Every structure is written in C-alpha cells, then in structure tokens.
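Peer 1: Make a model of this:
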Amino acid sequence: MGIFFFSSLLFSSLFSSGFRLTEQSLNGTALSSAYIAGAYGADSTYYNPANMGWDDNNKHELEINATMIYIPAFDFVTEGRDKGMTLTCTGSALTDSACSDIRGSYGGGAAEVEGKGNKTLQPVPKIFYKTRSYNLFGIKTNFGLSFTTPSGLAMDWDGEGGGFLDDVMIMMLELNPVVSFKLSDHFSFAVGIRGLYSSGEFNNTLYVPIAYTTTQGMMGQNATVDAKGTTKVTQSSNAAASGLGYNFALTIRPFTKSDFRIAVTYRTNIHMDMKGSLSATSYVDMGQMASGTIGMDADLTLSADLPPILNIAFMKSFGRLQTEFVIEKTYYGSADIFEFSYSNQRFTNNVSGKVCGLYLFGKCTTWVDTASYIDPAQMLGAADYSAVAYGNGWKDAMAYRLGLTFNYSPKLKLMGSFAYDKTPAPQGQFGIPDANAYVFGAGLRYQIWNGKGDVGIAYNIALKDNSKSFVQSKDGMGQLQLLTMGAKYRF
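Peer 2: Have a look, this model is predicted:
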C-alpha cells in the first residue's frame, strides 16, 4: 500500500508551484523571475542563455549565490480522514450468531482535526558561469554552465492533521551546460542539456479508503463479510533517480534604435525512473473479527515527468528604469505526474481475531478463526488509491511576472518585482496543500573592485491564499520566504 503514498507525495511536492523554485539567482529572487529578456551575466545561463552574448563587457564571469528558504510555523485544521471501518455480514441461519459478533463500526476519528507545520529553514547553493565571447565560423559564441536546485522540500508536520507530511525531504540538483549564438544585433539563440538528479526520504501517515469482501466458512456454511472504511498506513520510503532534458532560448531586438527585446525560453520534459525501497505498516481494526497490523517491504520503481515550461518575456527601458513582463506556462496538465510499480513484496501478518460460531445454552461452543481469512495481497488490491492521489485534477499553470531594475548609479542597481503564480493543484481536495501565490521581491547589487565584481542581496516572499484549500491555516496566508546573497567576479 505504501508505494502509492510514496509516489504521490514525492511528485506532487516537486511539481507544486509552491515547491518548484523559479527564483534561482540573486537577480531572479529580487525580480520574482521576471528576468528573461533582460537577463545578463553569469546567471543568464539559467534564465535565458541566448542573452550570454549581449553583455557590453567581453569577460568570463562567475557568480556564486546562496539562498535561505524559510517557511514559518503555522497551525491549521483540516478534515479528519480517519473514517474507521464498518462491517456487514450476511449468511445462513447457522452463521447468524457469528455474524452478530462481526457486524458494526470500529475505529474512526473526529470530523475535523488539527495539525502544525513546523518551520522550515533550508540553505541551498547556486553556481553560474559564462565564458567570454568567441568567434566560431563568424558567429559570436558563448558557453555557460549553471548548477541549481529547481525543486526541493524539507518539511516536518505534527498532529493528527499533519501526519501526511510528518517528515519529508526532497532534493533536486540540476546541471545545465549551454551554448549561445548571436547572429546579429537583432537575434540570438541558445541550446542546452539539462542533467537532473533527484532523491528523497519520507516518513508519513495516511488513511486509505478500502472496500474489502471476504467469504468466511462457519459451521459448514459460508458467510460474506463486507468491510468499508479507511485503513491507517504508516510508511518509510526512499528513492533516487537521474534524468535528461533540453532547453532552448531566443532573444529578438526588433528595432535598431530601441532596446526593446522579446525573449522566449522553453524547457523540455524530463522523465525519471526512480528506484528505491519501501517499508509500510497497515493497521487493521475490524473488532473481534480482525485487529493488528500488516507489514509490507518491497522494492519500488517510480516513473514521473518534470513537465515542460514556456516563458515569453518583453523588456523595455525608460531612462534608467528597466521594465520586464513575463508570461510563464507550465504544462502539468499533459504530464505524467507519477506511475508506480513495486516488486519483491514481503508481507508480515500480525492480525488476530476470532468470533463465536455457535452458542449453546448461552455459552460459545465453537470458535471461528476469522483473522486467517485476511489476505494482505487482496487487501492491497482492495484499497482505493485514487481517493488519495495527489495528482488528481492537475492542470496547466500560468504565472505573470513584472520586474523593475533601476540603475541608481554606475555602481548600484536597485530591483523590485511582483508576480501572480497560479497553482496547478485543484483546491478543496486532499493533496499537497498549495494555493495561488502573490509574490513580492526586492534587492540590490553593488559593484566592487573597479567593476571586476559585485555583491548583492535579495528578498522574496510568496503569500498563498489558502481560503479554498483543504488545509485551513489559523495564522492567515501561507508564506514562502527566500533570502539570497551572492557575489560575482569577472576575469
């Protein structure tokens, strides 16, 4: 059973707009990733490598950034997902005494439960490098490399409501070598290869709907038992994989006497087949008929897509103020969010139970061992995985970004931004909690060493409106905060 939970938890975390970090550099943080047509310098290798040849200075450039990801602690309420188990039993007159001990409702929790999301504080490094321009076959050519963390998550939630994100860590690393060709002062394009490595470790608890039917042999007669409800499952999983993709970019400057630019970037789908292991425990509560646990250890394979991303950007300067508007579309709707399989299952059955098959003179004279009819493999097949699938109903997501850069002086740049980032996840149903985000950013860069380098700092905050989410925060809008510091050196 746990394989499903592992796969759904992992990839909804990676794809959700709240956890796919578009802000990958100091400038990207300050400008809320409204940094495509106007990208310059070393970090253009990530945002728009077609711009590598547009710089005025023809030098090698190295930039190192460090981002601190902060999610404040918050308390919340959510629907209770522990529905318990209801048993019905039908059979002949001889089996009715046993059925009377089986029928009933067992377990179950409150309709609404509380949880707590503990604070997240996670540092991540970023490295960007671009070469000076070379003349290859009469074409201005630049090479570059970016090392980024496009997605990631480290969360620790408590309480009954937070069990499904109890202890989760996901790490993604991307290495992206690129090359650009500037054909004229009006047009350039670039291509690159994306190498992605992903790994994760998970410990969590979920309640899975189940509808299980078994036939019990009693007193030479058969009785049919139908069990409907949820089963509690705790699981521990780990997996890792690598994948390849590509990225393409172009920049157009249509007018000779204007710096107006149009840029388009596209990142292809990356497919990953993750390999790992799973250990899961399902808790069985069917009253006298069966109670205890069923354990499963298995090898797992998880296949998923990191979906394509398209950016269309427009940049124009007005005096010392540079403005950029970006439209971004991420194609979640056409992506395979997860496909899972497991092998080499090893079950451990620690379920016990018996009911009275025959009463004589008020005493039980015949006991029926009902626990022996619980088949772990059949129960696995009877669980309704679709009811707790985090990827149900996902659709393509749009984001709209506006960035402003003010050249205060030859040494100092000031930046500010706003973005509206729509979530791909449907609201109001179980999954990774995510919501539409209102994003604000600010930052600055200051030149040092006579223009050979600069240093800077940037801050970004995404406010998420969770009013329609299945997780209702008690502390107002959800927050994702980023603080990025960086240094650049030209040589």
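Peer 1: Would you check that Lys316 makes contact with Phe255?
Peer 2: No. Using CB atoms under 8 Å, Lys316 is not in contact with Phe255; the gap is 10.3 Å. C-beta here means a position set from N, CA and C on the backbone, and glycine is covered the same way.
Peer 1: out of those two, which sits in the busier spot?
Peer 2: Comparing Lys316 with Phe255 by other CB atoms under 10 Å, the one with more neighbours is Lys316, at 15 against 9.
Peer 1: ok, now which ones touch the more buried one?
Peer 2: 258-261, 322-324 (CB atoms under 8 Å, 6 or more residues apart in numbering).
Peer 1: same deal with Tyr459?
Peer 2: 29-30, 441-443, 481-484.
Peer 1: how about a cut-off of 7 Å?
Peer 2: 441-443, 483 (CB atoms under 7 Å, 6 or more residues apart in numbering).
Peer 1: hang on, Tyr35 is in a strand, isn't it?
Peer 2: No. Secondary structure of Tyr35 (DSSP: H, G, I helix; E, B strand; the rest coil): coil, not part of a strand.
Peer 1: Look up how far Thr67 lies from Gln122.
Peer 2: Distance, Gln122 to Thr67, by CB to CB, to the nearest Å: 9 Å.
Peer 1: With neighbour numbers in mind, choose between these two.
Peer 2: Using other CB under 10 Å as the criterion, Gln122 and Thr67 rank with Thr67 on top: 26 against 16.
Peer 1: for the more buried one, helix, strand, or coil?
Peer 2: strand.
Peer 1: now Thr45
Peer 2: Assignment for Thr45 (three-state DSSP): helix.
Peer 1: That one - nearest residue in space that isn't next to it in sequence?
Peer 2: Gly144 (3.4 Å; CB to CB, 6 or more residues apart in numbering).
Peer 1: which secondary structure element contains that neighbour?
Peer 2: Using DSSP states H and E, Gly144 falls within strand 139-148.
Peer 1: confidence score at Ala263?
Peer 2: pLDDT recorded at Ala263 is 98.
Peer 1: neighbouring strands for the helix or strand where it lies, and are they parallel or not?
Peer 2: Of the helices and strands defined by DSSP H and E, Ala263 is found in strand 261-267. Applying DSSP bridges, strand 261-267 is found paired with strand 221-252 (antiparallel), strand 309-318 (antiparallel).
Peer 1: contact partners of it?
Peer 2: Contacts for strand 261-267 (CB under 7 Å, 6+ apart): 36-37, 48, 50, 194, 245, 247-253, 308-315.
Peer 1: Distance from that strand to the middle of the chain?
Peer 2: Put simply, strand 261-267 sits 25 Å off its chain's centre (CA atoms, centre = their mean, to the nearest Å).
Peer 1: helix or strand right after it?
Peer 2: Following strand 261-267 in sequence, per DSSP H and E, is strand 270-285.
Peer 1: Can you give me the buried ones in that next one?
Peer 2: 270-272, 274, 276, 278-285 (16 or more other CB atoms under 10 Å).
Peer 1: helix or strand right after that strand?
Peer 2: Assigned by DSSP H and E, the successor of strand 270-285 is strand 291-306.
Peer 1: quick one: that next one to strand 270-285, angle?
Peer 2: 170 degrees (axes from the mean of the first three to the mean of the last three CA atoms, to 10 degrees).
Peer 1: Let me see the contact set for Asp421.
Peer 2: With CB under 7 Å, 6+ apart, Asp421 has these contacts: 17, 399, 436-437, 439, 462.
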